[in-house]
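*Asks:* sequence? don't have it. structure:
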Ligand code: FDA
Ligand code: NAD
């Protein structure tokens, strides 16, 4: 079978959903747009999977968190796509893309032709088997990327009573999953190679708070070593985790979060790549005219810092998708779009904690507030100062107004005269900007 559409989005995740909404806003005729997704469900807010989806009581379930509820927008149910005449081609993996002939081939051998293509294939997980870790194919070693993975993990959490879990990795997945496993009353040990958790963002001062808080919640933390192998029982289920430093940990469940990898393989050799992603211009158009890349796969010009960046966070997935669609529509009408001027925004939530970060985490760090893990209501943060200016700001436990203030600081980049004064002023420095 051959199907043809004016616009095709390959990938049906966060960026695809926000792009569809923007197409509908800008004006779309029935039958013009198709979304092709390997997943069996309409686009949803992926961040829910490592948080409320795994809660012991009243866990979040679809259709509750389809896009665009994560940013306070309308929830786009499958019926919405049908009403707009948007074809949702689900449970369909694209296995070949030929950008020269503007065609995609599905795993079932069908052809989908397009005039304009948006690549929104996101990331896939890095697996321990990629490093050749011995025994990494044992049962009950879990990864988390898609709703299907979350369902399998949830079933294991429910099935195992008094379970022991080892969480491999000290990044986003490591921290969010350790917390939610503890909420499920599971014994949790985190293992990561670095001297402190979330090293790609946290300073040692920030990490000290989170590590202390997690320990108080009963999470064991083993740092500075890696997993070298697993042993399993006669059913092939994981039983032990072997560490490089010689320690052996008991485990019924292992959750691995050792990073993501952008899914660019379909387009290798056909588009220019940069920094591990598909290189785009400020309109998210790739080196091939009429082919756009958004979300996790895009390496785009970040105007604020005058360099190309790839960002693996949901706010960027949403905004890049909207920008690409605006640019596509503007080009059709021979108009121009407003220049894309993105301010990086990352966040996480676990236990009763919630932090936000805006800007760039480069330069010297200035910790402010009370980062004592025993504090009944943690409220502290960090500024990053480069070339005498604040370029990044992090805040735990902020109110919506506080978070707006740190976003503004990161955008405005005010000069700093004295770092000690900045540390003393803390949040009030941001609130004055
Ligand atoms: P996304 O991964 O959302 O979608 C890609 C889609 O493409 C998937 O549906 C996939 O199946 C499909 N696909 C890939 N290849 C295909 C092919 N060949 N054929 C068909 N379909 C294909 N960020 C944040 O800022 N705050 C947070 O709290 C979290 N929390 C979080 C939790 C978990 C568990 C994960 C995995 C990720 C987060 N993130 C996050 C990151 C955020 O979710 C991520 O940056 C966005 O989902 C990226 O959106 P994309 O649309 O680019 O990819
Ligand atoms: P990550 O990059 O945040 O963390 C990877 C961690 O893996 C590192 O910090 C390190 O501790 C660890 N690691 C690396 N090699 C290792 C090894 N050989 N053995 C043990 N540990 C090792 O990636 P992630 O946590 O896997 O997250 C995957 C993706 O999902 C990322 O794109 C992330 O941005 C996204 N995500 C984001 C959020 C959020 O923004 N709140 C939440 C969940 C997931």
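*Replies:* Sure thing, it's come through. Everything numeric here is computed off the predicted structure, so don't read it as measured data. Ligands and ions are numbered 1, 2, ... in the order given.

*Asks:* Residue nearest the middle of the chain, spatially speaking?
*Replies:* Central residue of the chain (Cα atoms, centre = their mean): residue 313, 4.0 Å from the mean position.

*Asks:* Just give me the neighbour total for the closest residue in space to that one that isn't next to it in sequence.
*Replies:* The spatially closest residue to residue 313, leaving aside those adjacent along the chain, is residue 346, at 5.0 Å (Cβ to Cβ, 6 or more residues apart in numbering). In short, each C-beta sits where N, CA and C put it, glycine included. Residue 346: 20 surrounding residues under other Cβ atoms under 10 Å.

*Asks:* gap between the two ends of stretch 83-97?
*Replies:* Start-to-end span of stretch 83-97 (Cα to Cα, to the nearest Å) is 29 Å.

*Asks:* please begin residue numbering at 247 from this point
*Replies:* Taking 247 as the first residue, the last one we looked at is stretch 329-343.

*Asks:* pLDDT on that stretch, on average?
*Replies:* Averaging pLDDT along stretch 329-343 yields 98.

*Asks:* starting at the chain centroid, how far to it?
*Replies:* Distance of stretch 329-343 from the chain centroid (Cα atoms, centre = their mean, to the nearest Å) equals 22 Å.

*Asks:* contacts for that stretch?
*Replies:* Applying Cβ atoms under 8 Å, 6 or more residues apart in numbering, the contact partners of stretch 329-343 are 249, 251, 256, 258, 266, 269-270, 274-288, 324, 327-328, 349-354, 358, 363, 512-513, 516.

*Asks:* what about residue 668, how many neighbours?
*Replies:* Neighbours of residue 668 using other Cβ under 10 Å come to 17.

*Asks:* Name the SS class of it, please.
*Replies:* At residue 668 the chain is in helix, as set by DSSP: H, G, I helix; E, B strand; the rest coil.

*Asks:* Now for the residue of the stretch 397-546 of the chain found nearest ligand 2, how many residues are close by?
*Replies:* For the stretch 397-546 of the chain and ligand 2, the shortest gap (Cβ to the nearest ligand atom) falls at residue 417, measuring 1.9 Å. A count of nearby residues for residue 417, using other Cβ under 10 Å, gives 20.

*Asks:* these two touch, right, it and residue 506?
*Replies:* No - using Cβ atoms under 8 Å, residue 417 makes no contact with residue 506, being 9.3 Å away.

*Asks:* Quickly check: the helix or strand hosting residue 343 near ligand 1 or not.
*Replies:* Here residue 343 sits within strand 340-344, counting by DSSP states H and E. Yes - applying Cβ under 6 Å from any ligand atom, one finds strand 340-344 touching ligand 1 at residue 340.

*Asks:* Please identify the residues of the stretch 297-446 of the chain in proximity to ligand 1?
*Replies:* Counting by Cβ under 6 Å from any ligand atom, the stretch 297-446 of the chain sits next to ligand 1 at 339-340, 366-369, 390-392.

*Asks:* Under a three-state scheme, what state does the closest residue to residue 528 other than its chain neighbours occupy?
*Replies:* In space, and not counting its chain neighbours, residue 528 is closest to residue 586: 4.8 Å by Cβ to Cβ, 6+ apart. Under three-state DSSP, residue 586 falls in the coil class.

*Asks:* distance of residue 586 from residue 254?
*Replies:* Look at residue 586 and residue 254: by Cβ to Cβ, to the nearest Å, they are 22 Å apart.

*Asks:* Look at those two and report which has more neighbours.
*Replies:* Neighbours per residue (other Cβ under 10 Å) separate residue 586 from residue 254, with residue 254 holding more: 26 against 21.

*Asks:* and that one, what is it in contact with?
*Replies:* 279-282, 350, 358, 360, 362-364.

*Asks:* Now it: which helix or strand?
*Replies:* Using DSSP H and E, the element containing residue 254 is strand 248-256.

*Asks:* Could you give me the buried positions within that strand?
*Replies:* 249, 251, 253-256 (16 or more other Cβ atoms under 10 Å).

*Asks:* which one of these sits closest to ligand 1?
*Replies:* Using Cβ to the nearest ligand atom, residue 256 comes nearest to ligand 1 of the buried residues of strand 248-256, at 5.7 Å.

*Asks:* ok, that closest one touching residue 367?
*Replies:* Yes - between residue 256 and residue 367 a contact is recorded at 6.1 Å, counting by Cβ under 8 Å.

*Asks:* neighbours around residue 634, how many?
*Replies:* By the criterion of other Cβ under 10 Å, residue 634 has 12 neighbours.

*Asks:* check contacts around it.
*Replies:* 661-662.

*Asks:* swap in residue 424?
*Replies:* 413, 434, 436, 460, 465, 596.

*Asks:* Return the per-residue confidence for it.
*Replies:* 98.

*Asks:* Am I right that the residue nearest to residue 559 sits in a strand?
*Replies:* Yes - under three-state DSSP, residue 592 sits within a strand.

*Asks:* Who does it form a beta bridge with?
*Replies:* residue 603 (DSSP bridges).

*Asks:* With residue 312 instead?
*Replies:* Those that pair with residue 312 in a beta bridge, by DSSP bridges, are residue 290.
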